[in-house]
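[1] Pasting the sequence and the predicted coordinates here, then a few questions.
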Amino acid sequence: MRDLRDIDTVGVVGAGTMGAGIAQVAATAGYDVLMRDVEAEFVEDAFDRIEDSLDRLVEKGEVDADDRGAILDRIVGTTDLADFSQTDFVVEAAVENMDVKRDVFAELDEEVPDGVPLATNTSTLSITTIAAATEREDRVVGLHFMNPVPVMKGVEVVVGEKTSDEAVDLAHDFAEDLGKETWESDDKPGFVTNRILMPWINEGIRAFDEGVASKEDIDKGMKLGTNVPMGPLELADHIGLDICLDASETLHEELGDRYKPAYLLKRKVDAGDLGKKTGKGFYEYDEDS
Ligand code: CAA
């Protein structure tokens, strides 16, 4: 059975917001990290985001200034999945699309040594279906990080139909070694977090669209009224409206009409207003925000 001592090099597939965050926290915990995306440009952008994030953490005294360089040096970028033959644990954070994830997992299964566990950061898709693209279904597990990864304390461990107890234990141990706390969910659509969060966000959007209150008052009401750090509209902008729509559509498909995405969410995504990352969602953002 593998344990944490067998992990020196962590492979991260996908260098978007989540992949970069996962690479950063793994390198901060002392692991060597191989971070892969399909284009070198995406990998470079990820390094820029990691540097910004480390600067903020250094400023807050959460990362020692002397460690900043060593953390960055531990992360190596690549566009070649064949390099993953050197990894001891893999976290996939590619786009939230089942066909893409199954292709990535089939390829990982070829490249990554047999005993190595493959985790997916999927937020709503079935771990069991992703695992079935491999010959190592017992070693495929969900490891669902929250955005922003360097700040959020929790990670959801998701147990597929064939995930072994060993893989589940290792997923908990690995996340804890990154300084996170974990909880466990069965492989049901949206797991614990998005099953509950997405209807909350969609209801906030509907309340705005139906004129219940201004967007500011909806967010303020939920923040002050229920003591959460962000209201539903600002949280949707923070997560990305396209991500919220994808997650909501999966939930709708799997669980029925009570998960129907809000009309205004679809309209905003069609218009390309995806939230903070495009500078406009329900709110407008400048470079500094
Ligand atoms: N790296 C490092 N530090 C960061 C950071 C990053 N990427 N992003 C924010 N921070 C730090 C800031 O430097 C700041 O530090 P200080 O408090 O010491 O100044 C702190 O976090 C707070 O940031 P801000 O002052 O900029 O803004 P804020 O107070 O509004 O906090 C937030 C931002 C941490 C994102 C907070 O609003 C929050 O926790 N929001 C809820 C986020 C959430 O719910 N995430 C989960 C979404 S669901 C998900 O991810 C799963 C899914 O599948 C969709």
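    Good, I have the coordinates.

[2] roughly how far apart are Thr78 and Asp219?
    The gap separating Thr78 from Asp219 is 40 Å, by C-beta to C-beta, to the nearest Å. In short, each C-beta sits where N, CA and C put it, glycine included.

[3] Flag every residue of the stretch 51-200 of the chain that's near the ligand.
    Proximity of the stretch 51-200 of the chain to the ligand (C-beta under 6 Å from any ligand atom) is limited to residues 53, 56-57, 60, 123, 146-148, 150-152, 193-194, 197.

[4] ok, back up a step: which of Thr78 and Asp219 has more residues huddled nearby?
    Counted by other C-beta atoms under 10 Å, Thr78 and Asp219 do not tie: Asp219 has more neighbours, with 24 against 17.

[5] any idea how far the ligand is from the closest residue to the more buried one other than its chain neighbours?
    In this structure, Asp219 finds its nearest non-sequential neighbour in Gly231, 2.6 Å apart by C-beta to C-beta, 6 or more residues apart in numbering. Per C-beta to the nearest ligand atom, to the nearest Å, Gly231 is found 10 Å from the ligand.

[6] contacting residues around Gly231?
    For Gly231, the contact set (C-beta atoms under 8 Å, 6 or more residues apart in numbering) comprises Gly204, Ile218, Asp219, Lys220, Gly221, Met222, Lys223.

[7] Please point out which parts of whichever strand or helix holds the fifth one sit buried.
    This means Gly221. Using DSSP states H and E, Gly221 falls within helix 215-226. Residues Lys215, Ile218, Asp219, Gly221, Met222, Lys223 are the ones in helix 215-226 that count as buried (16 or more other C-beta atoms under 10 Å).

[8] which SS state does Ala15 fall under?
    coil (DSSP: H, G, I helix; E, B strand; the rest coil).

[9] Just send the contacts of Gly231 back as CSV, with distance to the ligand and pLDDT too.
    Shown next, in CSV, are these (distance: C-beta to the nearest ligand atom, whole Å; pLDDT from 0 to 100):
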residue, distance to the ligand, pLDDT
Gly204, 13, 98
Ile218, 16, 98
Asp219, 11, 98
Lys220, 13, 98
Gly221, 16, 98
Met222, 12, 98
Lys223, 9, 98
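
[10] these two touch, right, Ser123 and Val95?
    No - taking contacts as C-beta atoms under 8 Å, Ser123 lies outside contact range of Val95: 11.2 Å.

[11] right, and Val38 touches Asp80 too?
    No - applying C-beta under 8 Å as the test, Val38 and Asp80 come out as separate, 10.1 Å apart.

[12] Show me which of these two is the more surrounded one.
    Per other C-beta under 10 Å, whichever of Val38 and Asp80 has more neighbours is Val38, with 13 against 9.

[13] so how far is Ala20 from that one?
    For Val38, the distance to Ala20 equals 14 Å [C-beta to C-beta].

[14] same deal with Ile127?
    From Ile127 to Ala20 the distance is 23 Å (C-beta to C-beta).

[15] Can you list the buried residues in stretch 6-19?
    Buried residues in stretch 6-19, defined by neighbour count with 16+ other C-beta under 10 Å: Ile7, Thr9, Val10, Gly11, Val12, Val13, Gly14, Ala15, Gly16, Thr17, Met18, Gly19.

[16] how about the residue lying closest to the last one once chain neighbours are set aside, what does it touch?
    Once its chain neighbours are removed from consideration, Gly19 has its nearest residue in Ala93; the separation is 3.9 Å (C-beta to C-beta, 6+ apart). Going by C-beta under 8 Å, 6+ apart, Ala93 touches Val12, Val13, Gly14, Gly16, Met18, Gly19, Ile22, Thr120, Asn121, Phe145.

[17] Please repeat the previous calculation with a cut-off of 7 Å.
    Val12, Val13, Gly14, Gly16, Met18, Gly19, Ile22, Asn121 (C-beta atoms under 7 Å, 6 or more residues apart in numbering).

[18] go on, Asp237?
    So Asp237 contacts Gly275, Lys276, Gly281, Phe282, Tyr283 (C-beta under 7 Å, 6+ apart).

[19] Is it part of a helix or strand, or is it coil?
    Classification of Asp237 using three-state DSSP returns helix.
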